[in-house]
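S.K.: Below are the sequence and a predicted model for it; my questions follow.
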Amino acid sequence: MLKRISSIISPELLKILCEMGHGDELVIGDGNFPASSIAAEGSATLARLVRADGHGVPELLEAVMVLFPLDTYASPNAILMEVAKGDTVVPVIWDKYKKILAGEEGDRAKVGYIERFAFYERAKKAYAVLATGESSLYANIILRKGVVK
């Protein structure tokens with residue numbers, strides 16, 4: 001155990017967050033997100049698939065954002081998966097994400113949206129994929145890492 005680091009940040013996740021450099025991306029996927037296959041297909045090899053089953057995205061996002069600076073040169077630097085056309089889901093969880101991001105990064109947090117399959121393709125290029133047990137739909141987010149100033 002370490003001081004000031006949330007107990008839901010596993011040693012494996014902490015190591016990955018430390019290894020990541022400016023411009024690297026972290027995917028935090030909900031329970032329905034194909035985390036294993038995305039990690040296996042892309043540059044985020046299975047070695048960079050981290051499981052956090054039993055935890056929701058908001059609590060993990062909050063714990064990660066204490067440690068993780070967003071890329072202030074990228075817009076957006078936090079990317080959400082758009083709701084598919086014809087789907088009536090209203091992802092109220094996004095409001096929680098925006099509040100968490102703003103709480104840590106203020107106006108440096110720039111949230112954007114991309115189409116579902118474009119999100120999957122981008123996720124394949126991520127440095128790491130964090131699989132959660134989140135049950136909300138469209139609860140996936142990609143974070144682009146910046147520098148500690």
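M.R.: All right, it came through fine.
S.K.: just the strands in the protein please.
M.R.: Along the chain, counting by DSSP state E, strands occupy 25-29, 49-52, 78-81, 111-114, 128-132, 141-144.
S.K.: Point to the residue nearest the middle of the chain.
M.R.: In the chain, the C-alpha nearest the mean C-alpha coordinate belongs to Ile28, at 3.2 Å (C-alpha atoms, centre = their mean).
S.K.: There's contact between that residue and Gly133 in this structure, I believe.
M.R.: No: with contacts defined as C-beta atoms under 8 Å, Ile28 does not count as touching Gly133, sitting 11.7 Å away. For every residue, glycine as well, the C-beta is placed using N, CA and C.
S.K.: right, and the strands of the chain - which one's nearest Glu62?
M.R.: strand 25-29 (11.0 Å; C-beta to C-beta).
S.K.: what about Ala52, how many neighbours?
M.R.: By other C-beta atoms under 10 Å, the residues close to Ala52 number 23.
S.K.: so how far is Ile100 from it?
M.R.: 16 Å (C-beta to C-beta, to the nearest Å).
S.K.: ditto for Ala78
M.R.: Distance from Ala78 to Ile100, by C-beta to C-beta: 10 Å.
S.K.: Could you list the low-pLDDT ranges of the chain?
M.R.: 43-47 (pLDDT under 70).
S.K.: Mind listing the residues bridging to the residue nearest to the centre of the chain?
M.R.: Judged by DSSP bridges, the bridge partners of Ile28 are Leu130, Ile141.
S.K.: ok, now which ones touch Lys96?
M.R.: By C-beta atoms under 8 Å, 6 or more residues apart in numbering, the residues touching Lys96 are Pro58.
S.K.: Counting neighbours, which bits of the longest helix along the chain end up buried?
M.R.: Ranked by number of residues, the top helix in the chain under DSSP state H is helix 93-105. Going by neighbour count (16 or more other C-beta atoms under 10 Å), the buried part of helix 93-105 is Ile93, Trp94, Lys96, Tyr97, Ile100, Leu101, Glu104, Glu105.
S.K.: and if you look at stretch 15-26?
M.R.: Ile16, Leu17, Met20, Asp24, Glu25, Leu26.
S.K.: Save these as TSV, and put in distance to Lys3 too.
M.R.: Output for those, formatted as TSV (distance: C-beta to C-beta, whole Å):
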residue	distance to Lys3
Ile16	20
Leu17	17
Met20	22
Asp24	26
Glu25	28
Leu26	23
